[in-house]
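Student: Quick one: sequence and predicted model below, then my questions.
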Amino acid sequence: MASQDSTYASPKWWKEAIIYQVYPSSFQSHPGNTTGWGSVKGITSRLDYLKELGVDVLWTSPIYKSPQADMGYDIADYEDIDPCYGTLADVDDLIRELKRRDMRLVMDLVVNHTSNQHAWFLESKSSKTNPKRDWYIWKAPKSINPDGSPEPPNNWAQILGEANSAWNYDQVTGEYYLGLFTPDQPDLNWENPEVREAVWDVMHFWLKRGVSGFRMDVINLISKVPSYPDAPLILGPGHKYQPGQQFFVNGPKLHDYLTEMNRQVLSKYDALALGEMPFIYDEDEILKAVGARSGELNMIFIFGLVDIDNPNVRMALKPWTVREMKAIITRWQRTMIEKDGWNTVFIENHDQPRSVSRYADDSDEWRDKGAKLLALMQTTLGGTLFVYQGEEIGMRNARSGEWPPEAFRDVETINYWKKVQTLYANDPDMLSLGRKVMDMKARDHARTPMQWSAAPNAGFCDPEVTPWMRVMSDYKTVNVESQMQQQSGEDSDGELTTWQFWQRCLKNRAEHKEVFVYGDFHDQSPADPNVYAYIRTSSVDSGDRWLVVLNFSGQKQRFVLPEALELESWALGNYVSEKTPRKPLGRAVDLQEWEGLIGKVRR
Ligand code: TEU
C-alpha cells in the first residue's frame, strides 16, 4: 500500500463522487423546443433519472455563448449561456435542483483558447497597438514568398485538421495568430498576467454562482516554448505541417500557472479541479499536477487508455492488445497509490468512439455482455469514476459503412475527410481506409442524441423536430426506457439489462468505497493475453478483499486463482442470473465469452 504519511485513502467528496458527463447538444431537449438541440431545461428534467442510476455529480461540456465551431469548445462569452441551450436563469435553476437532490454541477472551463468571436479577440485583432493585442499569440511571418504570400512562423499543424497550419494570417495587421485546434479557436497568451487575472475572474464568477468545480480543457497546453521552434517531421517530409506537441504540451511555465490558479482561486473553495491533459504520459509531469502535495490540481484525465489505438495522430489506426490495455490501467492504478496521487477512471467521453465498440464487441450478439464487462471493470478501479451519457445503456458506434460522409458533423472528421479526399482522390484503397478510420475513431459516434426510448427521435426531442445530429439506427432496441422497465426474469433469462447492471455496479462501488475507491490494487494476471484479474483490498482494517476477473475475449478462457487466494462468494457477474447456476468457488474459474465476475475473497 501507500507510504505511511500518504493521503491517498483520506476521504474527499470529489474522490468518491460518481460523475456523469453530459454532452449538452445531445442529451435532452425540452417539449416545445424546435431547435433540434439539447437544452439546460432538458438536463434539469433528467436529474431524477441520474439520481436513480447512482450519479452524484453532473459535468456538462460547454454551454457558454459560442458560435459552435467546435461544439462550444470555442467560447465567445464565459459569463453567459448560449441561447441554443437556454439562459443563466436556467443554469441557476439546474444548480438549485441538483442541490435539492444532494448533487453537484461541474462546468467545463476552456481557457487555453477562446472563440475568434470573443470580445477579447475582436479587440486583439483590431490593431497592433490595441491593449489586448498581447492577450493572444501574434507573430510576424517567417518569410515572404516571391509571389508575396507570407509563410507561417513555424510548421506546427492544427490539432483538429493536421493538413493545415496552426497559424492564421491576419491581412489587416500583417501578422499570424496561433490557433492550435482550429482558426476559430485562437490560443490565449498566458504569459500575460492580465489574461490569467481574467481567467481567475471567470472561475470566481461560476464558483460563487454555486458550481462545484471545473473540468479544465487541455489545461496542459497553456504554456508554450517561447522560441516557437519548428516541429520534427513526425508525419514524414511529405507533410508541410507537423504535430508540434513537444513545444506546447506541459510547457515551461505550466506548473507555475497551475500553482497560481490554486492560490488565487481553488484554495478558496472546496472545488473539484480536474485537468484534461492530452499528449502527456510522463510520470513525473503527471504527478506534479496531481500529487496530493503538489498544490495544483486534484486529478487529471490521463490519455493512455484512450490513445491505445492512436499511432501519432488520433484519426488513424493502430493495432493493440489486451495485455497492453491491462498494463496501462495497472500502471496508473499502482502509481497513484504508491506516489500519493489520484486517478480518474474513464473510458468514454465526447472525443472518443464508444467503449463497447472499441474495447469489447459491439455486435448484436455481444454488445450487452461487452458493455457489462466494461461496467464491472470501471466500477471496480480506484479513483474518481466518470460515466459518459449513453455508456450506461451500452450505446455503440454507427454500424460500419452505414453513415455517408456527410453524416459526420465534427470539425475534426470534416477536416480529416477533406484531407483524405485531396491526398488520395485516385486511390480507392486509401479512400476506403479513410472511411474505416471514420467508422472506428470519429468523435461523432459519441455525440449522437441520447437514446431515451423507442419513440421518434429516440425521445431526445419532439417528434416533428429534426435533431441536429442523426440518431443511431439501433435506438428502438438500445434505449433507456426499455432497459429500465424490463423485469428480470421476463424475456432475458432473468438477467439484468445493461442499465440495471450499471446501476447495480455503481451501488456496489458506493457500498464498498474503502475497497473500490480508496483500496489497494494488485494485478493477478499481467501475462495473460485475454483475462484481466485483479485484487482490491480495503483501505481500512476490515481486511476486505475482492477479486475481479474479466475475460476480454470472445473465446472461453480459464483463470486459475493464485495459491494464496480462496473465494468466499461470487457477488456480481454479467452472466449471473436467476436461471443460470452459480459459478463454483473452486481454484479454476471457467469464463464464458466476454464474461466478467467479481467475488469476495476469504480472509
Ligand atoms: O480535447 C482535447 C484533445 O486533445 C482531444 O481529446 C481531442 O479530441 C483530440 O486530440 C482530437 O484528435 C478538448 C475537448 O475535449 C475537445 O472536444 C475540443 O475539441 C478540444 O479540447 C479543443 O477545445
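Tutor: In hand now; what should we look at? Numbering: from 1, shown residues only.
Student: what sits against residue 441?
Tutor: 309, 314, 315, 316, 317, 353 (Cβ atoms under 8 Å, 6 or more residues apart in numbering). In short, each C-beta sits where N, CA and C put it, glycine included.
Student: In a markdown table: those residues, plus secondary structure, distance to the ligand and neighbour count.
Tutor: Below are the contacts of residue 441 laid out as a markdown table (DSSP: H, G, I helix; E, B strand; the rest coil; distance: Cβ to the nearest ligand atom, whole Å; neighbours: other Cβ atoms under 10 Å):
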| residue | secondary structure | distance to the ligand | neighbour count |
| --- | --- | --- | --- |
| 309 | coil | 12 | 18 |
| 314 | coil | 3 | 22 |
| 315 | coil | 7 | 22 |
| 316 | coil | 10 | 17 |
| 317 | coil | 14 | 13 |
| 353 | coil | 11 | 23 |
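Student: Identify the residue nearest the residue positioned nearest the centre of the chain in space, chain neighbours excluded?
Tutor: Residue closest to the mean C-alpha point of the chain, counted by Cα atoms, centre = their mean, is residue 349 at 3.4 Å. Nearest non-adjacent residue to residue 349, counting by Cβ to Cβ, 6 or more residues apart in numbering: residue 388, 5.3 Å away.
Student: now swap in residue 141 and tell me
Tutor: residue 150 (3.5 Å).
Student: Near the one you found, how many other residues are there?
Tutor: Neighbour count for residue 150, taken as other Cβ atoms under 10 Å: 17.
Student: quick one: contacts for it?
Tutor: Counting by Cβ under 8 Å, 6+ apart, residue 150 has contacts 141, 142, 143, 144, 169, 174, 176.
Student: Contacts only, for the residue in the stretch 51-200 of the chain positioned nearest to the ligand.
Tutor: Nearest to the ligand in the stretch 51-200 of the chain, going by Cβ to the nearest ligand atom, is residue 73, at a distance of 3.4 Å. Taking Cβ under 8 Å, 6+ apart, we find residue 73 in contact with 61, 62, 66, 108, 110, 181, 185, 217.
Student: Look up how far residue 159 lies from it.
Tutor: Distance, residue 73 to residue 159, using Cβ to Cβ, to the nearest Å: 11 Å.
Student: Ok, residue 87 next?
Tutor: Using Cβ to Cβ, one gets 32 Å for the distance from residue 87 to residue 159.
Student: List the residues that contact the residue nearest to the centre of the chain.
Tutor: 21, 301, 306, 386, 388, 446.
Student: re the thing from before, what's opposite the residue nearest to residue 141 in the beta bridge?
Tutor: Beta-bridge pairing for residue 150 (DSSP bridges): residue 144.
Student: In terms of pLDDT, where does it sit?
Tutor: The pLDDT attached to residue 150 in the predicted structure is 98.
Student: hang on, the earlier thing: quick one: buried ones out of the contacts of residue 73?
Tutor: Among the contacts of residue 73, those scoring as buried are 61, 62, 66, 108, 110, 181, 185, 217 (criterion: 16 or more other Cβ atoms under 10 Å).
Student: Count the residues that sit near the nearest residue to the third one once chain neighbours are set aside.
Tutor: Closest residue in space to residue 66, ignoring its immediate chain neighbours: residue 72 at 4.7 Å, by Cβ to Cβ, 6+ apart. Residue 72 is surrounded by 26 other residues when neighbours are defined as other Cβ under 10 Å.
Student: What separation is there between residue 72 and residue 442?
Tutor: 18 Å.
Student: now do residue 271
Tutor: As for residue 271, its distance to residue 442 is 33 Å (criterion: Cβ to Cβ).
Student: More neighbours: which of those two?
Tutor: Using other Cβ under 10 Å, the more surrounded residue of residue 271 and residue 442 is residue 442, with 26 against 20.
Student: The ligand contacts on the stretch 301-450 of the chain?
Tutor: Residues of the stretch 301-450 of the chain lying near the ligand by Cβ under 6 Å from any ligand atom: 314, 350, 351, 412.
Student: What confidence value was assigned to the first one?
Tutor: You'll see residue 314 listed with a pLDDT of 94.
Student: swap in residue 458?
Tutor: Predicted confidence (pLDDT) for residue 458: 98.
Student: What about the nearest residue to it once chain neighbours are set aside, how many residues nearby?
Tutor: Once flanking residues are discounted, residue 458 sits nearest to residue 475: 3.9 Å by Cβ to Cβ, 6+ apart. Per other Cβ under 10 Å, the neighbour tally for residue 475 reads 25.
Student: Quick check: the gap between residue 475 and residue 511.
Tutor: Relative to residue 511, residue 475 is positioned 32 Å away (Cβ to Cβ).
Student: Run a quick neighbour tally on the residue nearest to residue 392 when sequence neighbours are not counted.
Tutor: Closest residue to residue 392 apart from its sequence neighbours, by Cβ to Cβ, 6+ apart: residue 502 at 4.3 Å. Residue 502 is flanked by 26 other residues according to other Cβ under 10 Å.
Student: Make sure I have this right: residue 502 is in a helix.
Tutor: Yes: assigned with DSSP: H, G, I helix; E, B strand; the rest coil, residue 502 falls within a helix.
Student: what is residue 213 paired to in the beta sheet?
Tutor: Where residue 213 sits in a bridge, its partners, by DSSP bridges, are residue 272.
Student: ok, it to residue 263 distance?
Tutor: Taking Cβ to Cβ, one finds residue 213 at 16 Å from residue 263.
Student: and if you look at residue 241?
Tutor: Taken as Cβ to Cβ, the span from residue 241 to residue 263 is 37 Å.
Student: what about these two, which has more around it?
Tutor: When residue 241 and residue 263 are compared for neighbours, residue 241 comes out ahead with 20 against 12, by other Cβ under 10 Å.
Student: Would you mind listing what in the chain touches the ligand?
Tutor: Going by Cβ under 6 Å from any ligand atom, the residues of the chain near the ligand are 70, 73, 110, 159-160, 181, 217-218, 278, 314, 350-351, 412.
Student: go again using 5 Å as the cut-off
Tutor: Neighbours of the ligand within the chain, by Cβ under 5 Å from any ligand atom: 70, 73, 181, 217, 218, 278, 314, 351.
Student: if we take these, which one ends up nearest to residue 541?
Tutor: Residue 541 has its nearest neighbour among those in residue 278, at 39.5 Å by Cβ to Cβ.
Student: Per-residue pLDDT of the closest residue to the closest one other than its chain neighbours, please?
Tutor: Leaving aside its chain neighbours, residue 278 sits nearest to residue 303 (5.1 Å; criterion: Cβ to Cβ, 6+ apart). Confidence at residue 303, expressed as pLDDT, is 97.
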